[in-house]
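A.B. asks: Please find the sequence and the predicted model below.
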Amino acid sequence: MPRPGTAENQAGALAAPAPLHPPRPIRLIWLLGPALVAGVAYLDPGNVASNMTAGARYGYLLVWVVVAGNVMAWLIQYLSAKLGIVTGQSLPEVLGFRLRPPLARRLYWLQAELVAMATDLAEIIGGAVALNLLFGVPLLAGGTITGVVSMVVLMVQSRRGPRTFERVIVALLLIIAVGFTVGVFVAPPDAAGLGGGFLPRFQGTDSVLLAASILGATIMPHAIYAHSALARDRFPQLPGQTPVRRLLWATRWDVSIAMVIAGTVNLCILLLAASALQGVEGTDTLQGAYLALRETLGPFVATTFAVGLLASGLASTSVGAYAGAEIMHGLLRVRIPLLVRRVVTLIPALLILGSGFDPTQALVLSQVVLSFGIPFALVPLVWATAHRGILGEYTNRWFTTGAGVIAAVLLVTLNVVLLVLVFSGSGG
């Protein structure tokens with residue numbers, strides 16, 4: 001179906017008779033939702049591990065990384081949604097069409113698939129740890145339960161459509177927000193320390209590793225792929241009723257609300273660790289953080305934290321599976337059932353849980369893997385939204401493209417520095 005701004009659509013509009021009663025513009029509230037679903041990716045267990053570890057080890061040092069990452073995330077998620085709304089295609093579909101050589105498409109899919117697997121690893125492990133903390137469920141069984149519940153959520157998306165799927169994810173998002181912010185009200189951060197945290201700086205290699213981990217958890221490749229697909233699925237017919245510019249205006253609100261929620265929660269996680277857990281032994285693990293919260297702030301705060309972690313794992317793994325299926329469909333032009341994909345991608349996470357590998361360390365390392373996938377999603381996104389042949393009259397303005405280029409350069413540069421530091425064996 002042609003999109004607004006194309007010659008086919010304009011010709012059809014001239015030939016079609018004017019409706020007796022033009023459709024009323026859809027209210028803003030009914031246009032919100034895709035960004036809130038994509039925003040769950042910014043609140044996955046990898047975020048919790050990275051931000052908790054950063055706060056426990058370095059206090060307020062990396063506050064600026066969380067804030068900067070959230071600002072860049074706003075622009076990136078808006079561009080992703082814009083691409084889906086205007087073209088009616090997801091980013092993987094756009095790339096699958098433009099990357100003509102089969103080998104190029106397969107190689108691109110391979111790196112995107114590895115990033116998606118790292119994402120799923122973090123989310124399944126987070127759910128397993130939460131079930132272990134709340135109910136004493138063994139990690140392997142907890143990972144299996146998390147995977148099964150995510151299958152149920154994906155069945156909702158497959159059978160009831162995007163609106164019902166949005167409602168389920170947004171409900172989990174509210175639980176996440178409450179679970180991870182309650183502790184900050186019980187143990188408020190130090191104002192002077194918080195203010196100093198906005199000054200960009202590092203303290204050794206380990207702080208750079210954590211910064212890359214935070215950015216990898218904040219600006220996630222699969223969230224970029226997913227948001228374009230969510231916007232495409234959510235507004236397949238609306239351009240005929242609602243002007244594209246109104247959809248883009250509503251999307252800016254949608255992304256703003258989602259990023260305010262995600263940014264606030266991520267900051268609260270770091271601030272809670274900095275104010276209540278800094279210097280306490282073992283608090284750079286999720287289990288250790290839970291026990292320390294229980295000891296210092298009481299069982300209520302610790303339990304709400306664990307409930308938030310469980311909701312985070314369930315919601316983010318469902319969105320991650322949706323993104324992974326879209327990556328395969330767009331790049332390989334192969335679509336397999338979401339539930340089949342869910343089973344396949346669950347296996348690596350269960351193997352790690354069954355091996356006895358430290359779950360928190362696996363979470364942090366998975367976020368570093370995600371940070372290396374950022375350029376492969378971000379650079380094509382900026383290119384596509386700046387390409388007049390793809391977006392037509394809705395092509396980015398020069399300053400929007402400039403901001404996207406700056407964000408891409410900063411993220412890629414940090415990843416290169418991280419690679420040099422890690423492989424040179426420098427200590428923090």
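C.D. replies: Perfect, thanks for sending it. Numbers count the residues shown, from 1 in each chain.
A.B. asks: where does the stretch 101-250 of the chain have low pLDDT?
C.D. replies: 216-217, 236-242 (pLDDT under 70).
A.B. asks: At which residues are the helices of it located?
C.D. replies: Assigned by DSSP state H, counting those that start in this stretch, the helices in the stretch 101-250 of the chain fall at 102-135, 139-160, 162-186, 191-196, 205-218, 221-234, 244-272.
A.B. asks: which one of these lies closest to Pro348?
C.D. replies: Comparison of the helices of the stretch 101-250 of the chain against Pro348 by C-beta to C-beta identifies helix 102-135 as nearest, at 5.8 Å. For every residue, glycine as well, the C-beta is placed using N, CA and C.
A.B. asks: So which elements touch that closest one?
C.D. replies: Secondary-structure packing of helix 102-135 (3 or more C-beta pairs under 8 Å, 6 or more residues apart in numbering; DSSP states H and E): helix 45-58, helix 91-98, helix 139-160, helix 221-234, helix 286-297, helix 299-332, helix 338-355, helix 359-385.
A.B. asks: re the thing from before, tell me which of the helices of the stretch 101-250 of the chain lies nearest to Arg342.
C.D. replies: Once the helices of the stretch 101-250 of the chain are compared by C-beta to C-beta, helix 139-160 is nearest, at 5.2 Å.
A.B. asks: which residues are contacting that closest one?
C.D. replies: Contact with helix 139-160 is made by 123-125, 127-132, 137, 164-165, 168-169, 313-315, 317-318, 321-322, 337-339, 342-343, 346, 349-350, 353-354, 359, as judged by C-beta atoms under 8 Å, 6 or more residues apart in numbering.
A.B. asks: can you redo the helices and strands packed on helix 102-135 as a markdown table with distance to Gly39 and mean neighbour count?
C.D. replies: A markdown table is the format used below for these (distance: least, C-beta to C-beta, whole Å; neighbours: other C-beta atoms under 10 Å):
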| stretch | distance to Gly39 | mean neighbour count |
| --- | --- | --- |
| helix 45-58 | 11 | 29 |
| helix 91-98 | 17 | 22 |
| helix 139-160 | 16 | 19 |
| helix 221-234 | 8 | 28 |
| helix 286-297 | 21 | 20 |
| helix 299-332 | 9 | 25 |
| helix 338-355 | 20 | 17 |
| helix 359-385 | 16 | 22 |
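A.B. asks: Could you dump those helices into TSV and include distance to Trp74?
C.D. replies: Formatted as TSV, the helices and strands packed on helix 102-135 follow (distance: least, C-beta to C-beta, whole Å):
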stretch	distance to Trp74
helix 45-58	16
helix 91-98	17
helix 139-160	25
helix 221-234	12
helix 286-297	28
helix 299-332	18
helix 338-355	28
helix 359-385	13
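A.B. asks: I'd like to know which of the ones you listed is closest to Tyr394.
C.D. replies: helix 359-385 (8.4 Å).
A.B. asks: Tell me who's in contact with the residue lying closest to Gly373 once chain neighbours are set aside.
C.D. replies: Spatial nearest neighbour of Gly373, chain neighbours left out: Val115 (3.4 Å); criterion: C-beta to C-beta, 6 or more residues apart in numbering. Residues near Val115 by C-beta under 8 Å, 6+ apart: 221-222, 369-370, 372-373, 376.
A.B. asks: got it, and Ala302?
C.D. replies: 290-291, 293-294.
A.B. asks: Among those, which one sits closest to Gly183?
C.D. replies: Of these, the one sitting nearest to Gly183 (C-beta to C-beta) turns out to be Leu293, at 6.4 Å.
A.B. asks: mind checking pLDDT for that closest one?
C.D. replies: pLDDT recorded at Leu293 is 92.
A.B. asks: pretty sure it contacts Phe300?
C.D. replies: No: under the criterion of C-beta atoms under 8 Å, Leu293 is not in contact with Phe300, lying 9.7 Å apart.
A.B. asks: Quick check: neighbours shared by these two?
C.D. replies: Common neighbours of Leu293 and Phe300 (C-beta under 8 Å, 6+ apart) do not exist.
A.B. asks: Chain neighbours aside, what residue packs nearest to Leu277?
C.D. replies: Nearest non-adjacent residue to Leu277, counting by C-beta to C-beta, 6+ apart: Thr283, 4.1 Å away.
A.B. asks: To clarify, my last question referred to Ser316.
C.D. replies: Nearest non-adjacent residue to Ser316 (C-beta to C-beta, 6+ apart): Asp44, at 3.6 Å.
A.B. asks: got it, and Arg294?
C.D. replies: Ala302 (3.7 Å).
A.B. asks: any idea how far Leu75 is from that neighbour?
C.D. replies: Counting by C-beta to C-beta, to the nearest Å, the gap from Ala302 to Leu75 is 36 Å.
A.B. asks: so how many other residues sit close to the closest residue to Leu248 other than its chain neighbours?
C.D. replies: Leaving aside its sequence neighbours, Leu248 sits nearest to Lys82 (C-beta to C-beta, 6+ apart; 6.0 Å). When neighbours are defined as other C-beta atoms under 10 Å, Lys82 has 27 of them.
A.B. asks: repeat for Thr401
C.D. replies: Thr401 has 17 neighbours, counted by other C-beta under 10 Å.
A.B. asks: Ok, the one 5 residues further on next?
C.D. replies: Here the count is done by other C-beta under 10 Å, and Ile406 has 13 residues near it.
A.B. asks: who touches it in this structure?
C.D. replies: Going by C-beta under 8 Å, 6+ apart, Ile406 touches no other residue.
A.B. asks: Next one: it from Gly88, what distance?
C.D. replies: 29 Å.
A.B. asks: Over to Glu295?
C.D. replies: Distance from Glu295 to Gly88, by C-beta to C-beta: 53 Å.
A.B. asks: what's the answer for Phe202, then?
C.D. replies: 43 Å.
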